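Novice: Okay, predicted coordinates and the sequence, questions at the end:
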Amino acid sequence: MTAAISTHALTKRYGDLVAVDHVDLEVETGEVFGFLGPNGAGKSTTIRCLLDLARPTSGRAEVLGFDSRGDATEIHRRVGYLPGDLALYPKLTGRDLLEYFANLRGGVDPGAIDDLAERFGADLSRRCGEYSSGNRQKVGLILAFMHNPELVILDEPSAGLDPLVQQALHELLREIRDEGRTVFLSSHTLSEVERVADRVGVIRHGRLVEVAAVADLKAMAIRRLDLEFAGDIDPERLRAIEGVRKVTGAGRQWSVAYEGSLEAILGEATRLGVVNLQSHDADLEEIFLAYYRDPDTDTAEQTHAAV
């Protein structure tokens with residue numbers, strides 16, 4: 001089966017700034033792929049190169065089996081796209097704008113527009129210039145989905161949406177995946193990606209540093225166990241356990257950061273007289289911050305220009 005998205009050493013420079021740096025990425029047909037990175041990591045620039053809205057400095061990309069440069073018109077017919085910097089014609093109503101773009105596509109089922117408007121709670125009777133940021137985003141989502149595209153590319157789709165609309169969006173993304181279509185979801189909202197994505201790519205300084213299933217990323221991460229003992233203990237007995245990476249606390253209250261099996265920790269904790277414990281599963285935020293910690297400053301990414 002042809003990959004929905006495939007890039008080969010994709011690179012984009014703006015003068016001395018390397019926005020996208022030799023990215024090799026393959027997104028499978030029929031999956032929800034989360035593209036994670038903070039503002040300025042290169043997410044939006046990558047998307048623009050995929051859609052021929054920006055020309056790569058070197059490398060190449062295929063979308064739905066078509067060359068991103070030579071076949072851009074065909075790609076645009078088959079793809080739904082929500083940009084991160086969505087702008088609408090302020091004097092048109094939401095419905096007028098959707099009908100305008102539907103006509104540019106050669107026609108779209110009006111019923112599909114109505115169904116999506118109901119799903120997202122969008123009022124299409126008002127002028128776009130009167131919309132709040134959340135309502136503009138709803139119209140943008142309808143634009144992306146209304147023609148039943150083979151591939152949907154969404155750049156920060158939850159921006160400005162209330163929780164109920166976010167939930168409706170996530171349900172729609174799962175339905176699209178179940179129908180065998182593909183979603184490429186660029187976001188820095190970790191909880192969103194964790195809920196809906198099958199696989200995740202992490203981009204840092206324009207470089208793709210990891211691609212893995214969400215479950216696999218969590219399995220690789222360090223987890224935490226909070227322990228309460230009947231009395232004071234010697235923490236060195238916990239530090240000596242294989243897989244334990246860090247032990248903090250005092251007196252009867254201790255926290256253990258570990259990877260691997262819990263069996264040895266529980267055995268030693270029992271011998272030390274544990275009376276209460278609480279386990280914390282790793283989430284994508286901890287993993288994400290681990291990838292983004294700058295080894296020189298020990299802080300998250302702060303220096304890359306917004307692209």
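Specialist: Structure's in. What do you need?

Novice: make it CA atoms for all contacts and neighbour counts henceforth
Specialist: Fine.

Novice: And residue 49, how far from residue 82?
Specialist: 15 Å (Cα to Cα, to the nearest Å).

Novice: Oops, could you answer that again for residue 171 instead?
Specialist: Distance from residue 171 to residue 82, by Cα to Cα: 17 Å.

Novice: With neighbour numbers in mind, choose between the two.
Specialist: More crowded of residue 171 and residue 82, by other Cα atoms under 10 Å: residue 82, with 21 against 12.

Novice: and the gap between the residue lying closest to that one once chain neighbours are set aside and residue 259?
Specialist: Excluding its sequence neighbours, the residue lying closest to residue 82 (Cα to Cα, 6 or more residues apart in numbering) is residue 154, at 4.8 Å. From residue 154 across to residue 259, the span is 34 Å (Cα to Cα).

Novice: Compare the two (neighbour count), which wins?
Specialist: The neighbour comparison of residue 154 against residue 259 (other Cα under 10 Å) goes to residue 154, with 24 against 16.

Novice: Pretty sure that one sits in a strand.
Specialist: Yes - Residue 154: assigned to a strand according to DSSP: H, G, I helix; E, B strand; the rest coil.

Novice: pretty sure residue 8 is in contact with residue 56, am I right?
Specialist: No - look at residue 8 against residue 56 with Cα atoms under 8 Å: they stay out of range, at 11.0 Å.

Novice: With neighbour numbers in mind, choose between those two.
Specialist: residue 56 (22 against 15).

Novice: so which strand or helix has the spatially closest residue to the more buried one that is not a sequence neighbour?
Specialist: Spatial nearest neighbour of residue 56, chain neighbours left out: residue 12 (4.8 Å); criterion: Cα to Cα, 6+ apart. Using DSSP states H and E, the element containing residue 12 is strand 5-14.

Novice: what's next to that strand, contact-wise?
Specialist: Residues outside strand 5-14 that contact it (Cα atoms under 8 Å, 6 or more residues apart in numbering): 18-28, 45, 55-65.

Novice: of these, buried ones?
Specialist: 18-28, 45, 55-56, 59-64 (16 or more other Cα atoms under 10 Å).

Novice: quick one on the thing from earlier: can you identify the element that follows the strand holding residue 12 toward the C-terminus?
Specialist: Next helix or strand after strand 5-14 toward the C-terminus (DSSP H and E): strand 17-27.

Novice: What strands line up against the following helix or strand past that next one, and which way round?
Specialist: With elements assigned by DSSP H and E, the helix or strand that comes after strand 17-27 is strand 32-36. Applying DSSP bridges, strand 32-36 is found paired with strand 182-187 (parallel), strand 199-204 (parallel).

Novice: got the contact list for the last one?
Specialist: In other words, strand 199-204. By Cα under 8 Å, 6+ apart, the list of residues contacting strand 199-204 from outside reads 31-37, 41-43, 193, 208-214, 288, 291-292.

Novice: Just the buried subset of those residues, written out for ChimeraX, thanks.
Specialist: Of those, the buried ones go into a single ChimeraX selection, burial set by 16+ other Cα under 10 Å:
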select :31,32,33,34,35,36,37,41,42,43,193,208,211,214,288,291,292
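
Novice: Can I get the host helix or strand of residue 80 as PDB, trimmed to CA atoms?
Specialist: Using DSSP H and E, residue 80 falls within strand 79-82. Taking C-alpha atoms only, strand 79-82 is exported to PDB below (Å, rounded to 0.1, in the frame of the first residue of the first chain):
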ATOM      1  CA  VAL A  79      -6.300  16.600   0.700                       C
ATOM      2  CA  GLY A  80      -8.100  18.500   3.400                       C
ATOM      3  CA  TYR A  81      -6.000  21.100   5.100                       C
ATOM      4  CA  LEU A  82      -6.400  23.300   8.200                       C
END
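
Novice: What helices and strands are in contact with it?
Specialist: The contact analysis (3 or more Cα pairs under 8 Å, 6 or more residues apart in numbering; DSSP states H and E) places strand 79-82 against helix 133-145, strand 151-155.

Novice: now the strands for this protein?
Specialist: 5-14, 17-27, 32-36, 58-63, 66-67, 79-82, 151-155, 182-187, 199-204, 207-213, 223-229, 244-250, 253-258, 274-280 (DSSP state E).

Novice: Alright, calling it a day.
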